[in-house]
Structures are given as C-alpha cells and as structure tokens.
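*Asks:* only the shape, not the letters, is given here:
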C-alpha cells in the first residue's frame, strides 16, 4: 500500500468517524453497567451466567465497530463495575489492574522481547539483508504457491517460539509474497498457523517448557519422568495443532479452497485493490509499508539476513529457550557485523532499534489491554465458572470433547493461552484423575483449546504480532483465518469425541 493510499484511508476514517455517537454508546453501556451493579450479588463468585456479560459485550462491540482497543477497554471497565461495590470509584480498580499488568514480569518480558524484535527486523531491512533474500527467493519461488510453500517451510524450521516464528517469518516473506500479488491476509494465515500449532508439537519449545512445568506442579508426574517427558505424552493428543498445521499446505496448493473472507481478499487484489487491507498501516512494523525512502546499501548481502536469524534461533535454544537472551545476543552480533561492514554508523544502529521499538507500540498496547481484560475476567470468575459449569455434565467418555469445546470458547474470549493454562490445568488434572479420564488425552484437549484461542482470537498475542510482522490489520487477519480455524476445531472436536468413547 502506497503512502498516498494510506493517507486517503486515514482521511476517510477521520471524516466518517462520529465522535458524539461513539461517546453516547460508551456512556449508555457504562450507565447500564452501574445500574446492573445494584442488582448483583456482592461476591463475584455468585454471579453465575452473568459473568459472561463483559465478554459478550466486548465481542459484539468488536464485530460492530472493528475497534479492538476500545472494545477491550469498555469490556474491562464494565467487568470492574460489576465486581465493585455500588457507588465505589471503579477507575481505581481499572487503574490498579493496569498498573499491576504493566508491572508484571510477563508484560515486561513482552515489551523487551517484542520491542527489540521490532528493532531486529528494522535493522535487517536497513542492512539490505531482507532485500537480498527477496531477490534470491524470487528466483527460486516463481509462483505464488511456491512463495507460500517457502513461507510454510521457514515457519516449520523456526519452531522454537511462536513469537519468534511469526515475527521472523512474516517480516521476511512479505516482500516475496508481495511480488506474486498475494493478499497480506494469506501471508498472515500461513505464518500464524505454522507458529503456535508447531510449538505444541515439538518438545523443545517455550510452550513445552511452560506446559510441562504446570503439569508436574499440579500433580501429574510419573516416576522418573521429566517435565518435558510429561509434555511429550500429550503431543499425539494435541489434535487441533496437528490439524491446523496440516491444513496450511492444503490451502496453499488448492486442495482446500479459498473460502469466505479469504476469498474476498483475493478478489480485492484481483480487482486492483491493495495487497494489505485498510487499517494495516496502523499496525505494520515493516518500513517498506510506511512509505519512507529506501536506504538499502549498494550490493546488499544475503548473509545479513540469514546470520541474525540463525543466531536468534540458536542463541534462544542455547540459553534454555530464553528468547530475551536470544534477542540480546542477536543484537550484539548484528552490531559487530554491521559496524565491520561499515553499513551504518553506531548512532544510526541505535536510532533504528528505537524506531523498531516505536513500530511495536500499537501491538504492545493491544496486548496490554488484552491482559487487563483477562485480569478482569479472572476477578469476575469467568473461566472458572465456565469450567465448573461444564464439569457437572462430564463423564469419562465425554470429558475430552467438553474440555476442548469449553476451553476453546473461553480462550477465544480471553485471548491469553498461557494464562488459561494456569487457571484451567490445576482444575482439569485432578478432575481427570477423579473421574478416570485418560490424562494425556484430557491435557491434550486443554492444550489444543489454548492453541485455538491463540490462533483465532482478534487480540491474542499471536494474532497481534503476526499481523504486525505481516503488515495486515489484526481484525482482518483473524477474520480471514477464522473459517480454517473453525474447520480444524470441528474436526478436533469429533476426534476428541471418538477418542473419549474409545479410551474410556
């Protein structure tokens, strides 16, 4: 998308935005929440089905307005109103949640890692490495299918972490797929569907380490087995991850057709429309999308593309799958490489890192508000209520499919896959033990549900970061890949139903 087209879209949004109408809608919602507050039980644990109100409101608001930060904020405020004493200052509760979120180790890690990843991507672009790779890859991938297959293969190789996967693959392959007039929605789908799904199918990833630790700390550890060993037992039962990852090449080669919103994205491009959907300029971290002047050095070298990526992956693995250490090591290597080649002065090196961090501001804001919304949901007891309601109808045969269905829905709403594991697995593990469900199957259903939510949710970390790296509006990205995710979820649900009855 050209700078002129971006400016025209922004000008049109400003011209058509009705501030008074938006203010009136928000005021009505907040007033209604205050009125409802007088009729609610004092203890949020007694809300029952009413705890779903903020989530439902947020989803409706997103589909109607396509404004995700506003939806998350209003949903969180309504939830805090509901669980506050009538007449109390709700803004204190919201402010405290926001402050606690910003002070949490998870958000600090996100800001450091994702911010510096933005810097790494900007440096690779400035060094000419991405340009050189694009020229080389264009000779190898002479069709759209081959370009997307290369994207899928690269995603399979960089399996160590979903953030690392999405941000690296998306930013590196955008220029190649652009040459073949591929909608950015398709690029984002391929990247996203090869990120989190792969991370729960390979035992040496950040997901495996995290989940293995939760499993053993909550009472499921066989004698002599390690944390990773327990996680490995769940891999055959992570059905959604298997199916979602396998659907990608089938979509690329045309066995599974372009359907729904994805088909419309291809029609837009075929009719001469932009590769990126409207609104993408707000979230993209690709300098090539921002309309600035190209500053690529003469005779760009492809090793300025490959070496940083290899260092990033290898260093992350060496430092016990610590991506923060991997990012810092990569920046150190890049500094030495670029100074030795006299590509840029040291002052510009740091300026580009800062610019890359600035490009990550919107994605990081989205993730912060998603964490605040998730904190509200935990306060109001949303996930716990959903799980406890479902357990009343569980049997050893039906438990796997119910676990997957309920947690997939709650994860789609909350958008915090690892946060859901922290809440759900301490409930699912003893429940499976008590009613006699095959443990790897029950845990696999839970992990699969987390992958589904990460994959499909409009504001999950995976969706936001993939959108930023691919230069695609996150609403359109989630909306276009949703049909494929739902197909994988339906097949997974059927698989869990069959396995539940066969293994009961």
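*Replies:* Noted; the coordinates are in hand. Just so it is clear, the structure is predicted and the values come from calculations on it, not from any experiment.

*Asks:* do a quick rundown of the strands in this protein.
*Replies:* For the chain, applying DSSP state E gives no strands.

*Asks:* quick check: which ranges of it have low pLDDT?
*Replies:* 1-18, 87, 224, 290-295 (pLDDT under 70).

*Asks:* compute the number of surrounding residues for the closest residue to residue 41 other than its chain neighbours.
*Replies:* Excluding its sequence neighbours, the residue lying closest to residue 41 (C-beta to C-beta, 6 or more residues apart in numbering) is residue 47, at 6.4 Å. Just so you know, the C-beta spots here come from the backbone N, C-alpha and C atoms, and that holds for glycine as well. Neighbour count for residue 47, taken as other C-beta atoms under 10 Å: 18.

*Asks:* list the contacts of residue 47.
*Replies:* When contacts are counted by C-beta atoms under 8 Å, 6 or more residues apart in numbering, residue 47 touches 40-41, 82-83, 380-381, 385.

*Asks:* quick one: it from residue 392, how far?
*Replies:* The gap separating residue 47 from residue 392 is 17 Å, by C-beta to C-beta, to the nearest Å.

*Asks:* could you measure from residue 48 over to residue 325?
*Replies:* 45 Å.

*Asks:* of the two, who's got more company?
*Replies:* residue 325 (15 against 11).

*Asks:* excluding its backbone neighbours, what's nearest residue 243?
*Replies:* Here the residue nearest residue 243, using C-beta to C-beta, 6+ apart, is residue 488, at 4.3 Å.

*Asks:* an error on my part: the question was meant for residue 251.
*Replies:* Nearest one to residue 251, counting by C-beta to C-beta, 6+ apart, is residue 484 at 6.6 Å.

*Asks:* what about the one you found, neighbour count?
*Replies:* Using other C-beta under 10 Å as the criterion, residue 484 is surrounded by 24 other residues.

*Asks:* check residue 226 too.
*Replies:* Residue 226 has 12 nearby residues by other C-beta under 10 Å.

*Asks:* which residues of the stretch 201-350 of the chain fall in helices?
*Replies:* 206-217, 227-234, 239-253, 260-270, 303-318, 323-340, 346-359 (DSSP state H, counting those that start in this stretch).

*Asks:* let's have those helices in CSV, adding distance to residue 190.
*Replies:* Below are those laid out as CSV (distance: least, C-beta to C-beta, whole Å):
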stretch, distance to residue 190
helix 206-217, 19
helix 227-234, 25
helix 239-253, 6
helix 260-270, 11
helix 303-318, 17
helix 323-340, 22
helix 346-359, 22
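
*Asks:* which of those helices sits closest to residue 108?
*Replies:* Nearest to residue 108, of all the helices of the stretch 201-350 of the chain, is helix 323-340, at 9.7 Å by C-beta to C-beta.

*Asks:* list the residues that contact the residue nearest to residue 251.
*Replies:* 189, 193, 244, 247, 251, 256, 259, 262.

*Asks:* cutoff 10 Å now
*Replies:* Going by C-beta atoms under 10 Å, 6 or more residues apart in numbering, residue 484 touches 189, 193, 243-244, 247-248, 250-251, 256, 258-260, 262, 455-456.

*Asks:* ok, residue 296 next?
*Replies:* By C-beta under 10 Å, 6+ apart, residue 296 lies in contact with 125-132, 343.

*Asks:* what about the longest helix in the chain?
*Replies:* Longest helix in the chain, counting residues (DSSP state H): helix 474-503.

*Asks:* show me what counts as buried in it.
*Replies:* For helix 474-503, the neighbour count (16 or more other C-beta atoms under 10 Å) marks 474-485, 488-489, 491-493, 495-497, 499-500 as buried.

*Asks:* can you give me how far that helix is from the chain middle?
*Replies:* Mean-position distance between helix 474-503 and its chain equals 17 Å (C-alpha atoms, centre = their mean, to the nearest Å).

*Asks:* on that earlier part again, double-check the residue nearest to residue 243 against residue 241; I have them as touching.
*Replies:* Yes: when contacts are counted by C-beta atoms under 10 Å, residue 488 is listed as touching residue 241 (8.9 Å).

*Asks:* next, give phi and psi for residue 341.
*Replies:* With angles defined as degrees, to the nearest 10, residue 341 sits at phi -90, psi 0.

*Asks:* how close does it get to residue 297?
*Replies:* Separation of residue 341 from residue 297 (C-beta to C-beta): 8 Å.

*Asks:* and if you look at residue 247?
*Replies:* To residue 297, residue 247 is 40 Å away according to C-beta to C-beta.

*Asks:* same thing with residue 207?
*Replies:* 38 Å.

*Asks:* quick one, what contacts residue 303?
*Replies:* Contacts of residue 303 (C-beta under 10 Å, 6+ apart): 127, 129, 132-133, 310, 337, 341.

*Asks:* so which of those residues is the closest to residue 449?
*Replies:* Using C-beta to C-beta, those come closest to residue 449 at residue 310, 33.6 Å.

*Asks:* and that closest one, how many neighbours?
*Replies:* For residue 310, the neighbour count with other C-beta under 10 Å is 14.

*Asks:* right, and it touches residue 330 too?
*Replies:* Yes: under the criterion of C-beta under 10 Å, residue 310 is in contact with residue 330, at a separation of 9.3 Å.

*Asks:* quick revisit: of the contacts of residue 296, just the buried ones, PyMOL syntax please.
*Replies:* Restricted to buried positions by 16+ other C-beta under 10 Å, the PyMOL selection for these reads:
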select buried, resi 125+126+127+128+129+130+131+132+343
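
*Asks:* quick check: residue 321 touching residue 210?
*Replies:* Yes: applying C-beta under 10 Å, one finds residue 321 in contact with residue 210, separated by 9.3 Å.

*Asks:* compare residue 207 and residue 297 and say which is more crowded by neighbours.
*Replies:* residue 207 (28 against 18).

*Asks:* so who does the residue nearest to that one when sequence neighbours are not counted touch?
*Replies:* Nearest residue to residue 207 in three dimensions, chain neighbours excluded: residue 199, at 4.1 Å (C-beta to C-beta, 6+ apart). By C-beta under 10 Å, 6+ apart, residue 199 lies in contact with 159-165, 205-208, 210-211, 241, 451, 454, 462.

*Asks:* try it again with 7 Å
*Replies:* If you count contacts by C-beta atoms under 7 Å, 6 or more residues apart in numbering, residue 199 has them with 159, 161-162, 205-207.

*Asks:* could you check how many residues crowd around the closest residue to residue 211 other than its chain neighbours?
*Replies:* In space, and not counting its chain neighbours, residue 211 is closest to residue 231: 5.4 Å by C-beta to C-beta, 6+ apart. The local packing of residue 231 (other C-beta under 10 Å) involves 27 other residues.
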